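Undergrad: After the sequence you'll find the predicted model.
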Amino acid sequence: MLTTDIVYRILNQILDEAKQDGGAPVSVAVCDKDGSLAGFLKMDGAAVRTGHLARHKAYTAARMQARTADFLARIKREHLDIRYFCDPDLTPLPGAAPLVNKEGEIIGSIGISGRPSEQDQAMADDVAARILRVLMQPVN
């Protein structure tokens, strides 16, 4: 289950890493498994649009149960117009990934925006790969 405590640990961990790596500031959104916003943080200096994009990326990963890079590939491969999905909140921009628990169930998603799309996606993928460690960390 994606608790508030876990959401804030994820957000803070990503922002700490983003501050240390010297890259552009980012916005980070975490959604629950249904795509509802569970948490959001924007680094100082991140462009306003990054907040909007991070939220839509996370929403898309939760609703489509796929990385946004994979959703974009599907749209291209199947020659689909995004309006086909009848959901104006979906975005195919890379930078989000579902969060999966140890049982293989999607418990939420993470969306990142502020850097080139490939970097946003790599950051989201990294967090998704490490989510079990975040879930297992004891609460201080």
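TA: Yes, it's here.

Undergrad: ok, longest helix in this structure?
TA: With secondary structure taken from DSSP state H, the chain has its longest helix at helix 117-136.

Undergrad: which outside residues touch that helix?
TA: Taking C-beta atoms under 8 Å, 6 or more residues apart in numbering as the criterion, the residues outside helix 117-136 that touch it are 6, 9-10, 13-14, 17-18, 23, 26, 57, 61, 67-69, 93-102, 110-115. (Each C-beta comes from the backbone N, C-alpha and C, glycine too.)

Undergrad: Low-confidence ranges, the protein, go.
TA: Counting by pLDDT under 70, the ranges of the chain that qualify are 132-140.

Undergrad: Each with direction, which strands does the longest strand anywhere in the chain pair with?
TA: Looking across the chain with DSSP state E, the single longest strand is strand 106-113. On the basis of DSSP bridges, the sheet neighbours of strand 106-113 come out as strand 27-32 (antiparallel), strand 96-100 (antiparallel).

Undergrad: nearest residue to residue 67 other than its sequence neighbours?
TA: In this structure, residue 67 finds its nearest non-sequential neighbour in residue 97, 4.7 Å apart by C-beta to C-beta, 6 or more residues apart in numbering.

Undergrad: Enumerate every residue touching that neighbour.
TA: Listed by C-beta under 8 Å, 6+ apart, the contact partners of residue 97 are 61, 67-68, 109-110, 121, 124-125, 127-128.

Undergrad: And residue 4, by the same measure?
TA: The contact partners of residue 4, by C-beta under 8 Å, 6+ apart, come to 38-39.

Undergrad: gap between it and residue 110?
TA: Using C-beta to C-beta, to the nearest Å, we find residue 4 at a distance of 15 Å from residue 110.

Undergrad: My read is that residue 39 contacts residue 30, right?
TA: Yes. In terms of C-beta atoms under 8 Å, residue 39 counts as a neighbour of residue 30; the distance is 4.5 Å.

Undergrad: Quick check: neighbours shared by these two?
TA: By the contact definition C-beta under 8 Å, 6+ apart, residue 39 and residue 30 are jointly contacted by 7, 10-11.

Undergrad: Could you give me the PyMOL selection string for whichever of the residues you listed are buried?
TA: Buried residues among the shared contacts of residue 39 and residue 30 (16 or more other C-beta atoms under 10 Å), as a PyMOL selection:
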select buried, resi 7+10+11
